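Build me a structure from this.
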Amino acid sequence: MADSSLDLHLDYLPRLPRKKDLGIGCVGAGFIMRDCHLPAYRAAGFNPVAISSRNPERARAVAAQHGVSHCHGTLDELLADPAVEVLDIAVPPDAQPDVIRKAVRHKKHIRGILAQKPLAMTVPLAREAVELCRAAGIVLAVNQNMRYDQSVRALHDVLQRGWLGEPVLATIDMRAIPHWMPWSQGLPSLSTFIMSIHHLDTFRYWLGTPSRVLASTRPDPRTRFPHRDGINLYILEYDNGCRAASWDDVWTGPAREGSESDIAIRWRVEGTEGLARGTIGWPSYPARTPSTLDFTTRQQPGYWFQPRWPEVWFPDAFVGTMAQLLCALEDDAEPEISGRDNLETIALCQAVFAAATDSRVTTVREFLP
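Numbering: from 1, shown residues only. Reported below is the predicted structural model:
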């Protein structure tokens with residue numbers, strides 16, 4: 001056992017607000033709301049007070065399951081409910097901008113909005129949402145929930161402390177099979193804006209926004225509906241010399257067609273002073289499999305640090321995405337994952353999609369008019 005002088009109390013959990021009683025109005029009653037948002041909110045002591053859905057029967061069932069006192073028959077009824085101080089949106093990305101347009105009309109009682117990622121499918125639509133909320137005095141945050149995966153957040157702390165030195169290379173190797181929701185069939189992009197957006201935003205969280213993008217994609221053989229971007233491969237170039245890359249492999253071989261499987265998400269960050277590696281536990285869901293982090297540093301040579309925790313991404317990370325909005329309202333400050341910050345994640349998604357579609361090197365700047 002190394003005699004380490006390093007303070008290993010890593011910042012891997014979210015900061016919670018002092019007051020947890022702001023009324024949360026939930027828009028949508030699908031998987032992400034039923035199995036992630038509401039269980040996390042109840043565990044944290046937050047206060048969901050109302051719910052609505054395009055499917056009222058489903059909304060009633062979710063309300064009964066999680067003890068949400070008011071189930072509204074329409075979105076308009078929920079938005080008009082004065083008990084709703086924070087709006088929690090969980091609808092498909094192409095429907096979300098219109099929900100935000102309607103929500104800002106109720107600025108007398110709606111103080112904050114937690115929107116799903118992507119905030120919108122293009123930067124101009126996302127910027128419209130940001131500006132509408134700014135003009136209404138409503139604080140807008142985005143549910144980039146992988147930032148609150150415990151290993152992702154812990155690694156961010158390790159980087160901030162300088163234990164790895166200057167980042168040189170970061171990689172994410174995803175070999176996992178997502179469940180594409182029916183609404184994804186109508187979107188112009190599949191993997192980039194639904195799956196890769198997690199990793200692209202994580203790279204931004206760790207390293208900042210890159211300058212240039214190289215990418216390649218091909219359809220996923222398992223996904224039956226027409227789509228352009230299935231298996232995504234991309235490289236991000238930073239002006240300081242750092243490089244990041246991810247293989248977002250949603251095929252992983254015929255694991256559901258009869259072969260043995262090798263399903264996992266592994267990441268690695270190499271710096272001038274150290275090395276970190278880890279895993280993401282999400283592919284095991286609904287089994288509670290914590291993500292992991294191992295790191296080594298020249299400041300404590302000859303030793304691998306292996307912090308562990310009981311928390312998992314789904315659903316525990318969803319405490320953090322709501323908490324950062326509630327803290328921002330409490331502190332009169334910008335959320336950690338603000339709508340304005342998220343414009344760069346959407347621009348990065350557009351850059352990846354264009355690089356793969358047009359077979360060219362793209363820049364993030366060209367998608368931030």
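
From here on, just use CA atoms for contacts and neighbour counts.
Will do.

Could you count how many residues lie near Pro369?
8 (other CA atoms under 10 Å).

which residues touch it?
Counting by CA atoms under 8 Å, 6 or more residues apart in numbering, Pro369 makes contact with nothing.

Now do it against Glu270, distance only.
33 Å (CA to CA, to the nearest Å).

Could I get the buried residue list for the top helix by length along the chain?
The longest helix of the chain (DSSP state H) is helix 339-358. Neighbour counts over helix 339-358 (16 or more other CA atoms under 10 Å) mark 339-340, 342-356 as buried.

out of everything not next to it in sequence, what's closest to Glu79?
You called it Glu, but residue 79 is Leu. Ala103 (6.2 Å; CA to CA, 6 or more residues apart in numbering).

coming back round to it: next helix or strand past the longest helix of the chain?
Sequence order places strand 362-363 as the next helix or strand after helix 339-358, per DSSP states H and E.

Run through who's touching the longest helix of the chain.
Here helix 339-358 has contacts from 118-123, 126-127, 129-130, 140-142, 189, 192-193, 196-197, 200-201, 204, 209, 213-217, 229, 234, 360-365, 367-368, using CA under 8 Å, 6+ apart.

Do a quick rundown of the strands in the stretch 51-200 of the chain.
70-71, 86-89, 112-116, 139-143, 167-175 (DSSP state E, counting those that start in this stretch).

tell me the most buried of those?
Mean neighbours per residue, mean count of other CA atoms under 10 Å, is largest over the strands of the stretch 51-200 of the chain for strand 139-143, with a mean of 27.

Distance from the chain centre to that strand, please.
Mean C-alpha position of strand 139-143 versus that of the full chain (CA atoms, centre = their mean, to the nearest Å) differs by 11 Å.

quick one on the thing from earlier: Asp21 is nearest to which of the strands of the stretch 51-200 of the chain?
strand 86-89 (10.5 Å; CA to CA).

Give me the neighbour count for Arg256.
12.

got it, and Gln160?
12.

Which residue, other than its chain neighbours, is closest to Glu311?
Pro290 (6.0 Å).

distance of that neighbour from Asp229?
Distance, Pro290 to Asp229, by CA to CA: 29 Å.

Tell me the confidence at the spatially closest residue to Thr297 that is not a sequence neighbour?
Distances taken as CA to CA, 6+ apart place Gly274 nearest to Thr297, at 4.1 Å, with adjacent residues excluded. Looking at Gly274, its pLDDT stands at 98.

now do the one 10 residues further on
What the model reports as pLDDT for Ser284 is 96.

contact partners of stretch 31-39?
Contacts of stretch 31-39 (CA under 8 Å, 6+ apart): 26, 48, 62, 66, 90, 314-316, 318-319.

ugh, wrong one, I meant stretch 86-102
Under CA under 8 Å, 6+ apart, the answer for stretch 86-102 is 22-30, 32-33, 76, 79, 110-121, 125-126, 129, 132, 183-184, 187.

can you rerun that using 7 Å?
22-28, 33, 110-116, 118-121, 129, 183 (CA atoms under 7 Å, 6 or more residues apart in numbering).

Give me the buried entries from the residues you listed.
Counted by 16+ other CA under 10 Å, the contacts of stretch 86-102 give 22-28, 33, 110-116, 118-121, 129 as buried.

What about Val104, how many residues nearby?
23.

OK, contacts around it?
Contacts of Val104 by CA under 7 Å, 6+ apart are 132-133, 136.

again, but for Glu336
Neighbours of Glu336 in contact, by CA under 7 Å, 6+ apart: Gln324.

Please name the nearest non-neighbouring residue to Ala120.
Per CA to CA, 6+ apart, closest to Ala120 is Ala126, 5.0 Å.

Alright, that wraps it up for me.
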